[in-house]
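Enquirer: how would this look folded up:
(2 chains)
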2 protein chains.
Amino acid sequence: MKNLLLASTSTLHGQEYLEYLLPELKKHFSGCSEILFIPYARPGGISHDEYTSLAAKAFSKAGFQIKGIHEYPNAAQAVAQAEGIFTGGGNTFLLVQQFYAHELLTPLKDAILKGTPYLGTSAGTNIAGLTMKTTNDMPIVYPPSFKTLGFVPFNINPHYLDPDPNSTHKGESRETRIKEFHQFNTHPVIGLREGSWLEVKENNTTLKGQKSARIFEAGKAAYEVEPESLLNDLQ
Amino acid sequence: MKNLLLASTSTLHGQEYLEYLLPELKKHFSGCSEILFIPYARPGGISHDEYTSLAAKAFSKAGFQIKGIHEYPNAAQAVAQAEGIFTGGGNTFLLVQQFYAHELLTPLKDAILKGTPYLGTSAGTNIAGLTMKTTNDMPIVYPPSFKTLGFVPFNINPHYLDPDPNSTHKGESRETRIKEFHQFNTHPVIGLREGSWLEVKENNTTLKGQKSARIFEAGKAAYEVEPESLLNDLQ
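Expert: Predicted structure coming up:
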């Protein structure tokens, strides 16, 4: 019984951290008193404590307590016993390196399969895909593998950005990068715009939020799917 | 006797491939008749032949012939015997994976140390730094290491982009990403804007082109250096 909420971003422009998601979080984590926070992606190099405080402040508005995984003597056990789990954003390479270092992949998969509600934002969403090969992040550390959790049978590109027709910059657009990904990988990619999230309940995956998402399948032209679309065929 | 030209980009907006660099290339490769092209980064998934044709067309305007490394039975030997070498841009993860697969790192280092003139653009410039950990590219393949050639004693961020003060997008700016790099790595990074290049002659590294470059050193505020600055102290 999977129960996941996979958000493109934690924060919308001009809003507080997690503000736009609070009504969803109340439902998603209903019945939980304390939620385990995984701060390993550490945005901007802040400490695990500082990052956990930020998450705690937001979650308190929805009536939940937060405890950081680094406060437990055994990270794997903390995951196994958690009522609910939230992995925050930051750098995906760092997050994945830490997941391998703490041997968290199997415990987290087990927790998800038994129904522990999970929230990911940005990097925490990226790792729910088959691999982290469609992250936007800089490879500041070398993880032992790019393989991630595979909670969904495709890859996710969070913070998806449309090409800017007025740009004079010659760096690749997001769409170009994902097309390059498909030269070497076959599984689909969902470009998830900021403000969008995926709701995964059992085997149903639904696009949520106000915006359409862009789907990239190997050998096909990219296309848009509208909010409330079921994405169960995407694999 | 190092002799390198490390360009941020191959192409400026509204120009042909390598157009802005042609006067430099004439001087840089003077005395060479044929230049070895390394197309391994394969932008947009084009074939090695197609990419080599693109480079050949540009180089013919400067009076040079181009031959692709994939046309040789032994890539390492081709590097050792080359009169001049050009590594084109594309995806840095792919380029580095291919360099390891073809065991090209040592032959290329040897060629540079004996004075073979080298041109890199974008990914081909990135790999001249100590590691590829400051690439902007998507990790579409998993290389066996992020360690690169170390022709210069720092890292390079090609296609450097200043933060857009009007952006409402919550993805990290380039500056934020490089600051995150310095949470886990100590060596300097040079943010090389499009139209800029580094000229490395023996032990002298000079910023060339019309634009300033942005220097990031661990534990210091980022700062600008002007064209024609010597960067020998950057290590």
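Enquirer: switch to C-alpha atoms for all contacts and neighbour counts from now on
Expert: Fine.
Enquirer: Tell me the predicted confidence for A:D164.
Expert: For A:D164, the model assigns a pLDDT of 81.
Enquirer: Could you list the buried residues of the helix or strand of chain A with the lowest mean pLDDT?
Expert: Among the helices and strands of chain A, helix A:174-184 carries the lowest confidence by mean pLDDT, DSSP states H and E, at a mean of 93. Of the residues in helix A:174-184, A:R174, A:E175, A:R177, A:I178, A:K179, A:E180, A:F181, A:H182 count as buried by neighbour count, 16 or more other CA atoms under 10 Å in any protein chain shown.
Enquirer: now what about it, what contacts it?
Expert: A:133-134, A:160-163, A:189, A:216-219, B:43-45, B:137-138, B:140-141 (CA atoms under 8 Å, 6 or more residues apart in numbering or on different chains).
Enquirer: Quick one: buried ones out of these?
Expert: A:133-134, A:160-161, A:189, A:216-218, B:43-45, B:137-138, B:140-141.
Enquirer: Okay, and the most centrally placed residue in chain A sits in which element?
Expert: By CA atoms, centre = their mean, chain A has its centre lying nearest to A:T125, at 0.8 Å. Element membership of A:T125, judged by DSSP states H and E, is helix A:123-126.
Enquirer: Now find how far off-centre that helix is within its chain.
Expert: Remark: helix A:123-126 is offset 3 Å from the chain centroid, using CA atoms, centre = their mean, to the nearest Å.
Enquirer: Direction included, what does whatever helix or strand comes next after it pair up with?
Expert: Counting by DSSP H and E, the next helix or strand C-terminal to helix A:123-126 is strand A:155-157. Next to strand A:155-157 in the sheet, as set by DSSP bridges, lie strand A:189-191 (parallel).
Enquirer: So which residues make contact with the following helix or strand past the partner strand?
Expert: Using DSSP H and E, the next helix or strand after strand A:189-191 towards the C-terminus is strand A:197-201. Identification of contacts with strand A:197-201 by CA under 8 Å, 6+ apart yields A:1-8, A:205-209.
Enquirer: Now tabulate the residues you listed in CSV and tack on distance to A:K57, neighbour count and secondary structure.
Expert: Listed next are the contacts of strand A:197-201 as CSV, based on distance: CA to CA, whole Å; neighbours: other CA atoms under 10 Å in any protein chain shown; DSSP: H, G, I helix; E, B strand; the rest coil:
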residue, distance to A:K57, neighbour count, secondary structure
A:M1, 29, 13, coil
A:K2, 27, 22, coil
A:N3, 23, 24, strand
A:L4, 21, 27, strand
A:L5, 19, 25, strand
A:L6, 20, 30, strand
A:A7, 19, 31, strand
A:S8, 20, 30, coil
A:T205, 29, 22, strand
A:T206, 28, 18, strand
A:L207, 27, 23, strand
A:K208, 24, 21, strand
A:G209, 23, 18, coil
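Enquirer: ok, the residues you listed vs chain B, which is closest?
Expert: For those, the residue nearest chain B by CA to the nearest CA is A:S8; the value is 9.9 Å.
Enquirer: Phi and psi next, for the closest one.
Expert: Dihedral pair for A:S8: phi -60, psi -40, per degrees, to the nearest 10.
Enquirer: I figured it was touching A:T121, is that so?
Expert: Yes. In this structure, A:S8 is within contact of A:T121 by CA atoms under 8 Å, at 5.8 Å.
Enquirer: How many residues are close by A:Q77?
Expert: 14 (other CA atoms under 10 Å in any protein chain shown).
Enquirer: What residues does it make contact with?
Expert: A:Q77 neighbours (CA under 8 Å, 6+ apart): A:P107.
Enquirer: now swap in A:N232 and tell me
Expert: A:N232 makes contact with A:N203, A:N204, A:T205 under the criterion CA under 8 Å, 6+ apart.
Enquirer: Reformat those residues as JSON lines; add pLDDT and distance to chain B.
Expert: Shown next, in JSON lines, are the contacts of A:N232 (pLDDT from 0 to 100; distance: CA to the nearest CA, whole Å):
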{"residue": "A:N203", "pLDDT": "86", "distance to chain B": "27"}
{"residue": "A:N204", "pLDDT": "96", "distance to chain B": "27"}
{"residue": "A:T205", "pLDDT": "97", "distance to chain B": "24"}
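Enquirer: is whichever helix in chain A runs longest up against chain B anywhere?
Expert: If you go by DSSP state H, chain A has its longest helix at helix A:48-60. No. For a cut-off given as CA under 8 Å from any CA of the partner chain, helix A:48-60 has no contacts with chain B; the smallest distance is 13.3 Å.
Enquirer: Next secondary structure after that helix?
Expert: Next element after helix A:48-60 (DSSP H and E): strand A:65-68.
Enquirer: Packing partners of that next one?
Expert: strand A:34-38, helix A:48-60 (3 or more CA pairs under 8 Å, 6 or more residues apart in numbering or on different chains; DSSP states H and E).
Enquirer: what about the ones you listed, which gets the closest to B:Y20?
Expert: helix A:48-60 (45.6 Å; CA to CA).
Enquirer: what's the closest one in contact with?
Expert: Against helix A:48-60 from outside (CA under 8 Å, 6+ apart): A:17-19, A:22, A:37, A:39-40, A:42, A:64-68, A:70.
Enquirer: For that helix, buried residues please.
Expert: A:H48, A:Y51, A:T52, A:A55, A:A56, A:A58, A:F59.
Enquirer: tell me the angle that helix makes with strand A:34-38.
Expert: 140 degrees (axes from the mean of the first three to the mean of the last three CA atoms, to 10 degrees).
Enquirer: Would you mind extracting the C-alpha trace of helix A:48-60 into CSV?
Expert: The C-alpha trace of helix A:48-60 is given here as CSV (Å, rounded to 0.1, in the frame of the first residue of the first chain):
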residue,chain,number,x,y,z
HIS,A,48,21.1,19.0,9.8
ASP,A,49,19.8,20.8,12.9
GLU,A,50,19.1,24.0,11.1
TYR,A,51,17.4,22.2,8.2
THR,A,52,15.3,20.1,10.6
SER,A,53,14.2,23.3,12.4
LEU,A,54,13.0,24.8,9.1
ALA,A,55,10.9,21.7,8.4
ALA,A,56,9.6,21.5,12.0
LYS,A,57,8.4,25.1,11.8
ALA,A,58,6.4,24.4,8.7
PHE,A,59,5.0,21.1,9.9
SER,A,60,3.9,22.6,13.2
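Enquirer: Report the mean confidence score over it.
Expert: Helix A:48-60 comes out at a mean pLDDT of 97.
Enquirer: Kindly report the same for stretch A:190-200.
Expert: Per-residue scores along stretch A:190-200 average to 97.
Enquirer: Do any residues in the helix holding A:T125 lie close to chain B?
Expert: No. Using CA under 8 Å from any CA, helix A:123-126 never reaches chain B; the gap is at least 10.8 Å.
Enquirer: That helix - contacts with which helices or strands?
Expert: Contacts defined by 3+ CA pairs under 8 Å, 6+ apart place helix A:123-126 against strand A:3-7, strand A:85-87, helix A:92-101, strand A:155-157.
Enquirer: Give me every residue in chain A lying close to chain B.
Expert: Counting by CA under 8 Å from any CA, chain A sits next to chain B at A:9, A:11-13, A:43-45, A:132-142, A:145-146, A:159, A:168-171, A:176-177, A:179-181, A:183-185, A:194.
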